[in-house]
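# Provided below for reference: sequence and predicted model.
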Amino acid sequence: MTKVGIRERKKVETRSRILRSAVELFGRNGIDAVSVEDVATHADVGKGTVYNYFAAKEDMLAAFVIELDREALRGFGGLARTGTLAEALDAAAWRLLDCKTGYQPFVQVFLARALTSPALHRELTEFQALLDAALTDLFDELRERNLVRAGFDCAEFILAFKTMQLGLSSLWAMEGPPYDDARRMTRLLTKALAREIGS
C-alpha cells in the first residue's frame, strides 16, 4: 500500500515538473519555438517520460489551462452571498476568464485541443464534474437567498452557464488584452441569464 502511494506521488511530482517546465519555456520563448525535447531537458527527464504524461506539447498547455480553471473554482465559495443575482453570475463567469490573464495564447491552443484530443478526455471530464459541483453550490446559495425563480432546474442553469462560458472563453481568447468586448459581453450575458432564472 505504501509503495503504491510513493509511486503515485512520484508520478504526480514528475507530471507537475514537466508541466511547470513547459509553461516556463512556452511563456519565455513562445509555443512554436519550444519542442518536447526542450521541455524534457528543462524538466530533467527523458523525452519518452514526457510522452508518458502528454501526447503532445499542446496537451501540456491544455492541462495547464485546466489547472488555472481548477484554481478559479476554489474561489467560487461566497460569490453568491452578497449582491444581486446578475452580479453573482458575472463574478463567477469573469473569474473563469480572469484567472487566465497572461496566458491568452495557451487558451487558444486549449480551446482547439479540447475539441480534438482524446488524450485530454479524462482530465476534461474530471474538470467538468468539478465545475458542475461548483455551479450547483452557487445555484443553491442563490436559491437560499430567494434570487432564483421557484421550480427553476439546477441542471438547466448549469447547462446554460457552461454554454455561455464557452462562447465567452472563445471571445476572450480571440480578442486579447485588454478584453473590453469580453468584459462587456460577460456583463450583458449574465444579466440575460439572471433575467431568465430570477425570481
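Good, I have the coordinates.
# what's the helix or strand for the residue nearest the centre of the chain?
The chain has Asp69 as the residue nearest its centroid, 2.9 Å off, counting by C-alpha atoms, centre = their mean. Assignment of secondary structure by DSSP states H and E places Asp69 within helix 57-74.
# buried ones in that helix?
Within helix 57-74, the residues scored as buried using 16 or more other C-beta atoms under 10 Å are 57-69, 72-73. Where you see a C-beta, it was placed from the backbone N, CA and C, and this is true even at glycine.
# same check on stretch 36-54?
By neighbour count with 16+ other C-beta under 10 Å, stretch 36-54 contains the buried residues Val36, Asp38, Val39, Ala40, His42, Ala43, Val45, Thr49, Val50, Tyr53, Phe54.
# surely the third one is in contact with Ile18?
Yes: assessed by C-beta atoms under 8 Å, Val39 is found in contact with Ile18 at 6.4 Å.
# pLDDT below threshold where in this structure?
Residues of the chain that meet the criterion pLDDT under 70 lie in 1-4.
# quick one: the longest helix along it to helix 57-74, angle?
In the chain, with assignment by DSSP state H, the single longest helix is helix 2-29. Counting by axes from the mean of the first three to the mean of the last three C-alpha atoms, to 10 degrees, helix 2-29 lies at 100 degrees to helix 57-74.
# how far does helix 2-29 sit from its chain's centre?
Distance of helix 2-29 from the chain centroid (C-alpha atoms, centre = their mean, to the nearest Å) equals 19 Å.
# which of the buried residues of helix 57-74 lies closest to Gly102?
Among the buried residues of helix 57-74, Leu68 lies closest to Gly102 (C-beta to C-beta), at 9.8 Å.
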